[in-house]
Structure formats: structure tokens, C-alpha cells
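Undergrad: Pasting a predicted model and its sequence here:
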Amino acid sequence: MQKNDISHIFSLLSGDELAAFGNFLKSPYFNVPDRLIRLFNNITRSKDDIIAGKISRQQLASGILKSDSDSSALRKLFSDFNRALEKFLVSQYCCTEERENELSLARVYREKGFTAKSQLTLQNLLKQLKKLPSSESKFKIMAAAYEELNLLEDSSQFHKYSPSLEAESDYLDAYFIGRKLYLYQLMHSKEKLNSTKKYNKGMYAEIMEHISENTANIKKNYPDIYLKYLMLNMLGSAAEEQVIEYREYLESAENTLSHAQLIDFYSDLYNYLTIRISEGDHFFRKPLLGLYKILDSKGLLYDSGKDKIHLYTFKQAADTALHLNDIKWAEYFVKKYADSVNDPIRKNIVNLLFAKINCFKGEPKAARINLAKVDYRDFIHYLDSKLFLFCMEYDASNFDEAELLIASTLKYLKHNKELPELNRNNSKMFLRFASRLLKLKTGIGAEFELQKLKDEFNAETGSMYARNWLKDKLNEFRIVD
């Protein structure tokens, strides 16, 4: 027997689900042949041998098929068993949605001629649905419910106005538009990663125009659609006002969205801001810091499991606050979330950030102590600590120490190939300019080097460690305009 013939059942179903499948087979309601129940018993008894590939299908069928049965009978036995498994999965995962069941019940009542029962079932269903947050799934089932109400209408009243007909049309539009907006965002994201083949964004212009012309109604009744619309508008521009509008509308619409939707929409805004910043739009750092503060106040920064924050989120939030000189909030943030970082080497990033906070607070001794705690085996944070220490030594006029740091850091970069290429390149670029800056500061280097350094620095658009710090130091020489 090939290992995958039936062994997939043990990875497909949990222990509880496997037991439920056994009950499903034995239930008289489903009228499953007895031979499939016996095969199930053989399979569960032989679990270890099946997973190890040590037992054949013929052996599993022992006592079920006649000894002289041909291979077609064996194939049919296992084929029927797999069909029963598929029916079980459908019954477990495709028919357990209570509202879908209510809709199906209303449909059965209508087809059997029980009009009053069908109408009552649909009315109760719609009452429940209207209380739910605005979402694609809600719009889809509401459109289907109103379709059922349309089918219940008396054909003799065809000439009269039908509220359910209009409602079905509205909710179908809402489902279609909401889904399309989501797909447009997905297409845009995929094209950013691979633009070799463009997606066909059919009806994009018409949908965006429709929302623009019906803004008041959509803002009031379909907040999830309006938020997707705002995001798509933002993707085409870099206006800070649009970011503010998105954030303020999201806050105002919180009570109409589910918790999962709230997290998704805040995540969309967060991802948008971080991408724009990585592309060089650094004026988005301020709204990003504002977003961090909002997420902190709502308990939404725990993005790596219960009461855990991802290492990247932790570092990004603190660095953003430090970049904008909001030292007080940076210190509050690091102290609050230091023990929640979901990473085995979290102490390195915590010590690094405390060192930066110490430095900005005018506590160089404490900063050096914390920098010394960063483990050299944590390549990314150790490299950050060395570069930051260079900046500190330069600012303290400890130029000999600064020069030694450049040499030791270049050596570290040379011997640690595990460093990501991006970190390696932006560090080397920083060190190249820092070395020349140091020579100018210590009086080594001719005057003609000044203009050359200015031109090279201004022409460099790639990612670089501490670009603003370098610019400030160069400004002291009146090199950068």
C-alpha cells in the first residue's frame, strides 16, 4: 500500500474529528454500508502501521471482502470509504453555519408550498443579519434571503413596488463592490512584488466613480466598503490628509465593525504606512507614530499571539518614536512591552532600545552599559549597536574610538555572511560616509573633498543607516544645503 492511500485521514482529522467520523458512519440517519464501518475500525486499529506504510489495502480489507475478490472490488471499497469521508467533511464544515441552515430551511418551506413558514423563517433570519457588522458575508446572505422573499411574492401583484427586490439588488451590489475592492487591493499588492504581468482590473473605474457619487450613503451604511475605497485612493497618492481621513473614519466606525475587521483595517493602514516609509516617504512617520499610540490604547499591538508582540513591531514602534524625538513615549512603550516580545533573543533588542533612550535623555554612561549587553551572535541588533555607538563616540568627540569602531564593524560585516543583504548594504553605505566625515572632522582631507562628498551624499537614494544623523553632521560643515 502506498503511504498516502489512506494515511492522510490521520493528518486531515483531529482525534475528536476522527471519533465524530466514526459516529457519522454508524448513524442510521446516513445509511452507510456496514462494510465501511468495519473498514473504519480496521483503519483506526492499524493507525501506526498505516502511517509507517507497513500494511497493505488488502490487509485492511481483511474480513470485509471475500478472499477471492478482485482488485476492482478493493478499489471500490476504498473509493466508497473516501466518499463517506468527503460527505462527513461537508456536513461538518459546510453545513454548520446556522444562518445558512435557516436560509436552506426557508427555501425548503417555499418549495413545499409552506409560504407562511418560509416568510416567517426569512423575517427572523433578516432580523439577526441586520444586527451583524457590515461585511461581505453578511451582504451575500442578505441578498439571498431577499431573493427568497421575491420568489414568495404573488405573481398577481407583479405590477406593485417590491421592497425586497430593491433590497436584494442593493445587497448584491454591496457584496459585489466590497469583494471587488478587496481583490483590487490584492492585485495591487501582488503587482508591487511582481509587475511582470498586470492584472485585469475590470470595472475598477466604474466602481470607484459609483462610490464617489454615493459617498454619503456608503459612509453611513457600508463602512467596510468605504474603508476599502479610501485605501485604494491612498494607494494612488501620497497625501497625508487621506491617511488622516482613513484613520478618523475607522475610529468613528469602530462600533459597526467586528473585532476581526477592526484588526484587519488597522493592519491595512499600518502596512500602507510602513511601505510608504520604506519607499522614502518619511513624512508618513508622524501618522505612523499616531497609529501606534491608537493601537496601544486599544490593546491591538499584540500581533504575535495572546499578550505577545512581534519583534519587528516592537522595534519599529520604538524607532519611530525615537526618530520623531518622542523620547517619553518611546520609553513608556519599551517598558510596557519589553516582556511581551515574542522572540527568544528579545533581551538584545530591549537593551539596544534602552541604550538609544538613555542617549537621547543625556545618559551616555547608561547607554554604553546597555549597548555592551547586546550579544554579538544576534547579527542584526549587534550591528545596530556598533553603528549607534559610533554616532555616540563621534558626538562625544571620541574620534579615536570612533575610528576603531569603523574598522571593527567592517571586519564584523566581512566575517558574518548570515546578515541580510539589505542590512549589510545600508550599513556599509553609512560606514563609507561616516569614515569620510570623520576624516573631515579631524582635519584630514582637502577642501575639494567637501563638494564631492556633498554631491555623493545628495545623490544617494538607497537605504542607509542613520541618514538624518549623517545629514546633521554634514550640515555642521555647511556641506548639505
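TA: Yep, it's here. Just so you know, these numbers come straight off a predicted model, no measurement behind them.
Undergrad: May I see the buried residues of stretch 139-154?
TA: 139-149, 152 (16 or more other C-beta atoms under 10 Å). C-beta here means a position set from N, CA and C on the backbone, and glycine is covered the same way.
Undergrad: Could you do stretch 456-466 as well?
TA: 457, 464-466.
Undergrad: Can you tell me which of these is closest to K315?
TA: Nearest to K315 among the buried residues of stretch 456-466, counting by C-beta to C-beta, is Y465 at 13.7 Å.
Undergrad: my guess is that closest one meets N425, correct?
TA: No - counting by C-beta atoms under 8 Å, Y465 does not reach N425; the two are 9.8 Å apart.
Undergrad: quick one: which of the buried residues of stretch 139-154 sit in helices?
TA: 139-149, 152 (DSSP state H).
Undergrad: And stretch 437-454, how far out from the chain middle?
TA: 46 Å (C-alpha atoms, centre = their mean, to the nearest Å).
Undergrad: Going by neighbour count, which residues in that stretch are buried?
TA: 437-438, 440-441, 445, 453-454.
Undergrad: Pull the most distant pair out of the buried residues of stretch 456-466.
TA: F457 and Y465 (13.6 Å).
Undergrad: Common neighbours of the two, please.
TA: With contacts defined as C-beta atoms under 8 Å, 6 or more residues apart in numbering, no residue is shared by F457 and Y465.
Undergrad: and which of the buried residues of stretch 139-154 is nearest to L405?
TA: F139 (59.6 Å).
Undergrad: I'd say the closest one and A167 touch.
TA: No - the pair F139 and A167 does not pass the contact test of C-beta under 8 Å, sitting 10.8 Å apart.
Undergrad: Below-threshold pLDDT in the protein: ranges please.
TA: 1-5, 68, 94-96, 238, 444-448, 478-481 (pLDDT under 70).
Undergrad: what's the neighbour count on L470?
TA: 20 (other C-beta atoms under 10 Å).
Undergrad: I misspoke; the intended subject was L301.
TA: Count around L301 with other C-beta under 10 Å applied: 23.
Undergrad: rewinding a little: please convert the buried residues of stretch 139-154 to TSV, extending it with distance to N325.
TA: Shown next, in TSV, are those (distance: C-beta to C-beta, whole Å):
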residue	distance to N325
F139	46
K140	48
I141	51
M142	50
A143	52
A144	55
A145	55
Y146	56
E147	58
E148	60
L149	60
L152	66
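Undergrad: With adjacent residues omitted, what lies nearest to R110?
TA: Once flanking residues are discounted, R110 sits nearest to S118: 4.3 Å by C-beta to C-beta, 6 or more residues apart in numbering.
Undergrad: From N101, how far out is the one you found?
TA: 14 Å (C-beta to C-beta, to the nearest Å).
Undergrad: between the two, who's got more neighbours?
TA: Ranked by neighbour count (other C-beta under 10 Å), S118 and N101 place S118 first, with 22 against 12.
Undergrad: Could you give me the buried positions within the helix or strand hosting the more buried one?
TA: Element membership for S118 (DSSP states H and E) is helix 115-130. Neighbour counts over helix 115-130 (16+ other C-beta under 10 Å) mark 118-119, 121-122, 125-126, 129 as buried.
Undergrad: How about stretch 251-270?
TA: Counting neighbours by 16+ other C-beta under 10 Å, the buried set in stretch 251-270 is 253, 256-257, 261-262, 265-266, 268-270.
Undergrad: gap between that stretch and the chain center?
TA: Worked out by C-alpha atoms, centre = their mean, stretch 251-270 lies 13 Å from the chain centre.
Undergrad: next one: phi and psi at K197?
TA: phi -130, psi 120 (degrees, to the nearest 10).
Undergrad: what's the answer for R99, then?
TA: Residue torsions, per degrees, to the nearest 10, at R99 are phi -70, psi -30.
Undergrad: Neighbours of it, how many?
TA: 17.
Undergrad: Pull up the gap between it and D49, please.
TA: 43 Å.
Undergrad: circling back: among the ones in helices among the buried residues of stretch 139-154, which two are most distant?
TA: Farthest pair in these, by C-beta to C-beta: F139 and L152, 20.7 Å.
Undergrad: sorry, back to before: and of the buried residues of stretch 139-154, the nearest to A174?
TA: Closest to A174, out of all of the buried residues of stretch 139-154 and judged by C-beta to C-beta, is F139, at 4.2 Å.
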